[in-house]
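*Asks:* quick one, fold the following:
(one chain, ligands or ions: 1)
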Amino acid sequence: MPDALKKVERRYDRWSRFYDLVDSAPLLSGRQREWKRLAVEDLNMSDGHRVLDIGTGSGEILPIIAEKAPDAEIVGVDISKGMLEVASERTRNYENIKLMRENVSSLSFPDNYFDSAIASFAMTTFPDPLAALKEAVRVVRPGGRIVVLDTGKPEKGAARITHRMMTPVARVFGRTHIDRDIMELAAQVEGIKRLKERRHYGGMVYCAVWERE
Ligand SMILES: C[S@@+](CC[C@H](N)C(=O)[O-])C[C@H]1O[C@@H](n2cnc3c(N)ncnc32)[C@H](O)[C@@H]1O
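*Replies:* As a prediction, the model looks like this:
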């Protein structure tokens, strides 16, 4: 396993016990759940949908998907065993949710296996986000959707200043690259068509949707 990935794994193994506590901070959690719910709508699921969540972490989005599409086949993948344990506890009552330890840069699934894929607040943490996006595209069938929800770069105003101040802090303390430009990454990926983009908090959070061609 590459060193950068080992570091990510160790970090999230350590954080796994506290991750949901931080994530459930009063101001943030309601918003996050709402953004996740909207992102799940964008998966455009139909009966028997097969959906992949890359960098599922503690799996918060998995029950949101299951509630929206009760007969969907849902797979959450992550590199951190600690995070997967938390996700497993959270999803123990859902028979249609499966968790797997995988590196999102080289997934074990065949081409076109899923009807859609989602990455929620994970793309900014992947050591190789371009490889992860390419893999998500590879495993989604033509006509299926790829949805990325994450922190982004605001274009103007107070949000831009806040973002500039937060970028080094997030990188040093959270090893999270909130200045990653998803559109620049997506421009390097073949076989996807941009469908839409939604922005929250003046662009500090975005949800981008592509269709696999
Ligand atoms: C910030 S957490 C996001 C968790 C969750 N999706 C959410 O919305 O709260 C990012 C997750 O990505 C995982 N991760 C980072 N790089 C990875 C990789 N290359 N392969 C698999 N998982 C990875 C980490 O282990 C971590 O659990």
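*Asks:* name the residues of the chain found near the ligand, please.
*Replies:* For the chain, the residues found near the ligand under the criterion C-beta under 6 Å from any ligand atom are 5, 8, 12, 55-57, 60-61, 78-80, 83, 103-105, 120-122, 125-127. All C-beta spots, glycine's among them, are computed from the backbone N, C-alpha and C.
*Asks:* narrow the residues you listed to those in strands?
*Replies:* Assigned to strands by DSSP state E, the following of the residues of the chain next to the ligand qualify: 78, 120.
*Asks:* hmm, which of the residues of the chain next to the ligand are the buried ones?
*Replies:* With neighbours counted by 16 or more other C-beta atoms under 10 Å, those contain buried members at 5, 8, 12, 55-57, 60-61, 78-80, 83, 103-105, 120-122, 125-127.
*Asks:* in this protein, what helix or strand scores lowest on average pLDDT?
*Replies:* Of the helices and strands making up the chain, the lowest-confidence element is helix 19-23, at a mean of 75, by mean pLDDT, DSSP states H and E.
*Asks:* what is the next helix or strand after that helix packed up against?
*Replies:* The element immediately downstream of helix 19-23 (helix or strand, assigned by DSSP states H and E) is helix 26-41. Helices and strands touching helix 26-41, as assessed by 3 or more C-beta pairs under 8 Å, 6 or more residues apart in numbering; DSSP states H and E, comprise helix 61-68, strand 114-120, strand 140-151, strand 192-200, strand 205-212.
*Asks:* apply 10 Å and report the result again.
*Replies:* Helix 26-41 makes packing contacts with helix 19-23, helix 61-68, strand 114-120, strand 140-151, strand 192-200, strand 205-212 when contacts are defined by 3 or more C-beta pairs under 10 Å, 6 or more residues apart in numbering; DSSP states H and E.
*Asks:* give me the buried positions along that helix.
*Replies:* Buried residues in helix 26-41, counting neighbours by 16+ other C-beta under 10 Å, are found at 32, 35-36, 39-40.
*Asks:* can you tell me the closest non-neighbouring residue to the residue of the chain found nearest the ligand?
*Replies:* Distances between the chain and the ligand by C-beta to the nearest ligand atom are smallest at residue 57, namely 2.4 Å. Of all residues beyond its chain neighbours, the one nearest residue 57 is residue 83 (4.8 Å), with distances taken as C-beta to C-beta, 6 or more residues apart in numbering.
*Asks:* check whether the one you found really touches residue 18, as I assumed.
*Replies:* No. Using C-beta atoms under 10 Å, residue 83 makes no contact with residue 18, being 11.3 Å away.
*Asks:* contacts only, for residue 211.
*Replies:* For residue 211, the set of contacting residues under the criterion of C-beta atoms under 10 Å, 6 or more residues apart in numbering consists of 44, 116, 140, 142-146, 191-196.
*Asks:* give me that answer again for 6 Å
*Replies:* Residue 211 makes contacts with 145, 193, 195, as judged by C-beta atoms under 6 Å, 6 or more residues apart in numbering.
*Asks:* what is the burial count for the last one?
*Replies:* Using other C-beta atoms under 10 Å, residue 195 has 14 neighbouring residues.
*Asks:* cool, the second one as well?
*Replies:* Neighbourhood size, residue 193 [other C-beta under 10 Å]: 9.
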